[in-house]
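S.K.: 3D, please:
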Amino acid sequence: MKGRLHPSHDERQLVAGGWLLGEHGMMPYRDFPIHHLPNLMFLHAALGRLSPAPFLNARVFSVVLAAATFVLIFLHAWRRNNRAGGWRIGGVAACLLLLSPLFEYTSGRAWNHAMPTLLAGAAGLRGWAGSDMLLGLAAGTRLTNHFAAAPFLALILAGQSRDSRSRPAGAFLADLAGRLLPTLVLLLLAPLQFLYGNVVYPILNARHRHRLWNKCRA
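M.R.: Numbering: from 1, shown residues only. From the prediction side, this is the model:
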């Protein structure tokens, strides 16, 4: 519990980035380095208009999103099994999420986990119809959420005849790219800084952690 009271370096980046954007109009990548995708910083900048405590805003917002994910899972399982004790099944599903060590560890932190988890989960429960908007917002928040588009695209292609596959698949990808427009704009403003923060740095960080792990095992 004690460690949770002190912000991690990722929390400092995301919260400080939102503050610099909201208070000084500074743009991520171009005006200051950041090692994450930008969507969450836009929200942190907006939250700064409601309260002068940016770090508290970010953590409370993360808790709200985690609670919304919990409720979403419960309601979906309840409705899908309404005639067979749906509230019990919904409770079990929600408890499995609540007892997940990873969910517990990331909830309440000012990280970019809670928001894409909620968005990607909502997209999965909706099916492919309308999921492009939710997935696009999730993908602009955390880089690994780009991979979530693959199963949705596969479902679209599997549900169409060979001659009519290109139209819905193309519309899905176009809408997905449209939701990534803020990210694409920042990429164009500072391409080298953007690529370093989201591609080069994660590779270097993984290599560094791998070396530390090998030293600990030696």
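S.K.: please make it C-alpha for all contacts and neighbour counts, starting now.
M.R.: Will do.
S.K.: how about L189: what's its closest non-neighbour residue?
M.R.: Nearest non-adjacent residue to L189, counting by Cα to Cα, 6 or more residues apart in numbering: R30, 6.6 Å away.
S.K.: please apply the same query to S51.
M.R.: S51's closest residue in space is N57 (Cα to Cα, 6+ apart), at 7.0 Å.
S.K.: so where's this protein shaky on pLDDT?
M.R.: Within the chain, the stretches with pLDDT under 70 are 1-5, 83-84, 126-130, 159-167, 218.
S.K.: select the longest helix from this structure.
M.R.: Identified as the longest helix of the chain according to DSSP state H is helix 54-80.
S.K.: okay, helices next: where are they in this structure?
M.R.: Ranges of helices in the chain, per DSSP H, are 9-24, 39-47, 54-80, 86-98, 101-106, 114-126, 131-139, 149-158, 166-179, 181-189, 191-195, 201-217.
S.K.: now the ones you listed in a markdown table, with mean neighbour count?
M.R.: Below are the helices of the chain laid out as a markdown table (neighbours: other Cα atoms under 10 Å):
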| stretch | mean neighbour count |
| --- | --- |
| helix 9-24 | 19 |
| helix 39-47 | 21 |
| helix 54-80 | 19 |
| helix 86-98 | 17 |
| helix 101-106 | 12 |
| helix 114-126 | 20 |
| helix 131-139 | 25 |
| helix 149-158 | 15 |
| helix 166-179 | 16 |
| helix 181-189 | 15 |
| helix 191-195 | 17 |
| helix 201-217 | 11 |
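S.K.: mind listing what the residue most central in space within the chain touches?
M.R.: Compute the mean C-alpha point of the chain, and by Cα atoms, centre = their mean the closest residue is P116, 2.4 Å away. By Cα atoms under 8 Å, 6 or more residues apart in numbering, the contact set of P116 is 137-139, 141-142, 145.
S.K.: that one and S62: what is the separation?
M.R.: 11 Å (Cα to Cα, to the nearest Å).
S.K.: swap in P33?
M.R.: Relative to S62, and taking Cα to Cα, P33 is found at 23 Å.
S.K.: could you do T144 as well?
M.R.: In terms of Cα to Cα, T144 sits 18 Å off from S62.
S.K.: go on, N81?
M.R.: 29 Å.
S.K.: nearest residue to H36 in space, please, no chain neighbours.
M.R.: Nearest non-adjacent residue to H36, counting by Cα to Cα, 6+ apart: N198, 6.0 Å away.
S.K.: and for the one you found, the neighbour number?
M.R.: 16 (other Cα atoms under 10 Å).
S.K.: show me what contacts it?
M.R.: Contact partners of N198, counting by Cα under 8 Å, 6+ apart, are 35-37, 143.
S.K.: do the same with Y29
M.R.: 186, 190, 193-194, 197.
S.K.: please redo it, this time with the cut-off set to 6 Å
M.R.: Contact analysis of Y29 by Cα atoms under 6 Å, 6 or more residues apart in numbering lists 193-194.
S.K.: what's the neighbour count on the residue nearest to L189?
M.R.: Neighbours of R30 (other Cα under 10 Å): 17.
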